[in-house]
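> pasting the sequence and the predicted coordinates here, then a few questions.
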Amino acid sequence: MAGAGSGTRNGSRRPRSAPPRPGLRRGHGDRPCPGHRDRRHRARPLRRPARRPACRPPADSDARPVDLRPADSDAPPAGLPPTGSDAPPEAQPAGPPPAGLPPAESGVGADVPDDIADRVVRINALTVTGRLDEAFAEATALRESLSGAAGTGHPYALEARALEAYVAHLRGDHRQATVLALSVARIRCGAGDERAPTEVARAAAAWQLLDDDRAVVVHGRELLGMWDGLSRRGPLPAGHTELAAQVRALVESLEAQRVLAPLA
């Protein structure tokens, strides 16, 4: 889960491309929550340096952390601005969201504890008004408090970490967004969570925005290790095998360049 945040470093920035925010969802342990509905997204070409081929996320995969709204509710997410013309001008995206990031729908439902819901709504509001440094600080604090109280693998803690990764993306900190998204994927893979492939694909979407070759190789190898582990448990979802092959080709190409560079 291409545009990224830009602007001054004074804590008030405007995202160039503001993909919608992931939400939290109530759950129990590593089991998916009742009423979870898969969301599909289409792959979009991702602009990368000319020497790197763009990897495309699966054209058919669950693309976001789960939603906290009641499963039978069609109401818009609580606490979020409208997605149409009534949204504040600074919240309007300048282009399509990066491929693989969450679609334009997420929020906080009535079954979430009030203290957590209030903090998520505040973080969402800060991102809408461009106060990305504040939003990131609050997302980090939320993740740390939930992880400390319930453990890093608790559903709320995992979704808070995904929210933190999203805000890091908006700030233009793609390395941090990748590290956070990979940690969510790693935990879900280790727990055998059925959402693990989704989180790996979302981490790959963040990874594609890295511009440091060494980071691309290191984190790309971690992605490949997760896909290898998932494939040993059973067939990967549609599109994931192709995405893994594209990631592998890019990683191996960069590794070959590093080996041959001294000979040039």
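Okay, I see it. Numbering: from 1, shown residues only.
> can you give me the helices for the stretch 101-250 of the chain?
Ranges of helices in the stretch 101-250 of the chain, per DSSP state H, counting those that start in this stretch, are 114-128, 132-150, 155-171, 174-191, 196-207, 213-233, 240-260.
> let me have those in JSON lines, extended by mean pLDDT and mean neighbour count.
C-beta here means a position set from N, CA and C on the backbone, and glycine is covered the same way. Below are the helices of the stretch 101-250 of the chain laid out as JSON lines (pLDDT from 0 to 100; neighbours: other CB atoms under 10 Å):
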{"stretch": "helix 114-128", "mean pLDDT": "94", "mean neighbour count": "19"}
{"stretch": "helix 132-150", "mean pLDDT": "97", "mean neighbour count": "19"}
{"stretch": "helix 155-171", "mean pLDDT": "95", "mean neighbour count": "27"}
{"stretch": "helix 174-191", "mean pLDDT": "97", "mean neighbour count": "22"}
{"stretch": "helix 196-207", "mean pLDDT": "95", "mean neighbour count": "28"}
{"stretch": "helix 213-233", "mean pLDDT": "97", "mean neighbour count": "17"}
{"stretch": "helix 240-260", "mean pLDDT": "92", "mean neighbour count": "16"}
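> G220 against S253, yeah?
No. Counting by CB atoms under 8 Å, G220 does not reach S253; the two are 10.4 Å apart.
> quick one: residues contacting L210.
Applying CB atoms under 8 Å, 6 or more residues apart in numbering, one finds that L210 lies in contact with H174, R175, T178, V216, H219.
> of all the residues you listed, which comes closest to L163?
Taking CB to CB as the measure, L163 lies nearest T178 of these, at 15.2 Å.
> for A238, see how far away the closest one is.
24 Å (CB to CB, to the nearest Å).
> also G148?
Counting by CB to CB, the gap from G148 to A238 is 38 Å.
> swap in G192?
20 Å.
> how about A204?
In terms of CB to CB, A204 sits 15 Å off from A238.
> kindly report the same for H219.
According to CB to CB, H219 stands 24 Å off from A238.
> what of E199?
16 Å.
> now swap in T152 and tell me
Taking CB to CB, one finds T152 at 30 Å from A238.
> now do the same end-to-end measure for stretch 207-218.
10 Å (CA to CA, to the nearest Å).
> what sits against the residue nearest to A203 when sequence neighbours are not counted?
Nearest non-adjacent residue to A203, counting by CB to CB, 6 or more residues apart in numbering: A181, 3.9 Å away. By CB under 8 Å, 6+ apart, the residues touching A181 are M1, A162, A165, E199, R202, A203, A205, A206, W207.
> repeat that for 6 Å
By CB atoms under 6 Å, 6 or more residues apart in numbering, the residues touching A181 are A165, R202, A203, A206.
> list just the nearest of the contacts of L210 to V112.
Lowest distance from V112 to these (CB to CB) belongs to T178, with 27.1 Å.
> quick one: the closest one and L236, what's the gap?
Computed as CB to CB, the T178 to L236 distance reads 20 Å.
> what of Y166?
24 Å.
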